[in-house]
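Curious how this folds, go ahead:
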Amino acid sequence: MKQLSYLPTIAAFTLTLAACGGGSSNSTTPDITQPETIEEKSISLTTYTHTLCDEQPYQADIVFHDGAGKPIKITKTNTDGTFSSVIPKDAKHLSILGVAQENEIDTPMRKISTELNIEQGGELGRYYFARPTTSSCSCQELQLNVSELTYLNEGYVLNFENSRVIPNSSSLARICTSANTLYFSVTSPDKSEVKAAELTIADNTQFLSLTNEDFKHPGIAIEDQYSPTADKLMLLGFKDGTSTKQLPTQVKNVTSQTPFYIFPSLTEYNFQYQRAYAESHFDNISIYVTHSARSRINANGDYELTALPQSNTQLGRELLDFSQNINSNYDFSLVDNRYSEVRMNFDFTRNGQAEFSWSIFGGIKASVPDLSFGSVFPEPSDDIELRRLALNLSGYEGAPRDFNAYRAFLNKRHSDKFLKHPEYAKYVYTSITATVD
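Predicted coordinates:
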């Protein structure tokens, strides 16, 4: 994209697209011929639209760029959102473009996702484009009969997906769900005993009875561990190693005295997440920082804590330097040696209206060329403003830091139940977002 000039005051967070040529696209788009391919390196990905309720396949534009950022091949994903292709000769980077709209009152805007250094190929994953939620996400109302659940007579508390269920005087209660597999738990008055139930219901089920015998899965209390800066804890339990089937997330503040529980007979893989959150405000700029770390819990409830990342001056310096010139180098390798991947997101406006959103994915350090997108996205010729800047750093403790090796490390997750492998246990993540209020 054309050189992005950063205005002198950081409080404005304004970027100007200067019409300075130099490898960027002009009002006329050059013809793009089918390039020759040499090595049989392939790339694949999938694109979707999503609402609060569902996701659907989406046909997006694909642009392959050379090392200087110029487009050398333009194509599309299939109508089912899938895309797989041999990487063209001289292609170094790839962009996925579509239209996103968060809600009906917003103006639809272009959304661009650029993957840097794709020469080695592999599975890039899923890309989502928001569309408005036009109706409420429906759930099925279900009447519970707990007259035979005698645990309640002993003072136990009944929960459905971590929310307490209080029956009426007729031992009836109502819940609302869109799932066919339901999870309940009962907790003794002194919290020394917790048992879980997993029940499968058919579509359109309207009535369900609970008994003591349904609660077959004893829970194990987890001792809290967390870094000094943590403010919130979460516990996730997965039924298999693919992260697709999980129990409802348990969440609490670090000051809570209520323990987390795992249910080893239900979930084979359990993880504790700790989070540290902070925000600050300067004139009309708001900055939000979140650090997160994941630790794997064994079947006995024991775990070795993964320390939270920490903010430091190197992180802020690199972010500021890069924000002044997006077409440049960045290097976050000294921030935390567990990070291997960077995602940066820039939301631009023109005259107060959303113009486009651009995400850049790359290694922990990289060079971002002067990217252009041909006829798929002619660049604005007038001034635009940067209204939101977000930086996400992530990685696994002990994982490769070379980006091609790290992509190969991530690609193994697509062909195996990766959660069972210890190298995918200790995950760390940092998000920094700056917005103009």
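
okay, now the nearest residue in space to residue 161 that is not next to it in sequence: neighbour count?
Spatial nearest neighbour of residue 161, chain neighbours left out: residue 248 (4.1 Å); criterion: CB to CB, 6 or more residues apart in numbering. Every C-beta, even on glycine, is put in place using the N, C-alpha and C of the backbone. Neighbour count of residue 248, defined by other CB atoms under 10 Å: 17.

Check the contact between residue 248 and residue 162; I expect there is one.
Yes: Residue 248 is in contact with residue 162 according to CB atoms under 8 Å; the separation is 5.2 Å.

distance of the residue nearest to residue 161 from residue 179?
10 Å (CB to CB, to the nearest Å).

just to revisit the earlier point, name the SS class of the residue nearest to residue 161, please.
coil (DSSP: H, G, I helix; E, B strand; the rest coil).

where's it relative to residue 196, distance?
Distance of residue 248 to residue 196, given as CB to CB: 10 Å.

Residues that sit against both of the two, list them.
Counting by CB atoms under 8 Å, 6 or more residues apart in numbering, the contacts common to residue 248 and residue 196 are residue 183.

thinking again about what came up before, now do the residue nearest to residue 161, the pLDDT please.
Per-residue pLDDT puts residue 248 at 87.

ok, it - contacts?
Residues near residue 248 by CB under 8 Å, 6+ apart: 161, 162, 183.

one more time with 10 Å
Residue 248 makes contacts with 159, 160, 161, 162, 163, 179, 182, 183, 185, 235, 236, 237, as judged by CB atoms under 10 Å, 6 or more residues apart in numbering.

Likewise for residue 241?
Residues counted as contacts of residue 241 (CB under 10 Å, 6+ apart) are 268, 269, 413, 416, 417, 418, 419, 420, 421, 424.

what helix or strand does it sit in?
According to DSSP states H and E, residue 241 maps onto no helix or strand at all.

Quick check: neighbours shared by residue 248 and residue 179?
The contact sets of residue 248 and residue 179 overlap at residue 161 (CB under 10 Å, 6+ apart).

Domain-wise, how is this protein divided?
Per automatic domain parsing, the domain ranges recorded for the chain read 4-133+309-436, 140-177+179-218, 220-297.

List only buried entries from the contacts of residue 241.
Among those, those buried by neighbour count (16 or more other CB atoms under 10 Å) are 269, 413, 418, 419, 424.

what's the fourth one in contact with, if anything?
By CB under 10 Å, 6+ apart, the residues touching residue 419 are 238, 240, 241, 242, 243, 268, 269, 270, 271, 296, 413, 425.

Which two of these have the greatest separation?
Checked with CB to CB, the contacts of residue 419 reach their widest spread between 270 and 413, with 18.0 Å between them.

What helix or strand is the closest residue to residue 52 other than its chain neighbours located in?
Using CB to CB, 6+ apart and skipping the chain neighbours, the partner closest in space to residue 52 is residue 133 (4.5 Å). Under the criterion of DSSP H and E, residue 133 resides outside all helices and strands.

Name the residues contacting each of residue 248 and residue 162.
Common contacts of residue 248 and residue 162 (CB under 10 Å, 6+ apart): 183, 185.

Can you give me the neighbour number for the closest residue to residue 157 other than its chain neighbours?
Nearest-residue entry for residue 157: residue 187, 4.8 Å, with adjacent residues in sequence omitted and distances by CB to CB, 6+ apart. A count of nearby residues for residue 187, using other CB under 10 Å, gives 20.

Might one say that residue 187 is in contact with residue 159?
Yes: here residue 187 reaches residue 159: they are 7.0 Å apart, a contact under CB atoms under 10 Å.

Give me the common contacts of those two.
Residues touching both residue 187 and residue 159 (CB under 10 Å, 6+ apart): residue 194.

Show me the strands in the stretch 101-250 of the chain, by range?
Listed in chain order, the strands of the stretch 101-250 of the chain (DSSP state E, counting those that start in this stretch) span residues 109-115, 122-130, 140-145, 157-160, 163-164, 172-177, 181-187, 194-200, 207-209, 217-218, 220-222, 232-238, 250-253.

And those strands: which comes nearest residue 395?
strand 122-130 (15.7 Å).
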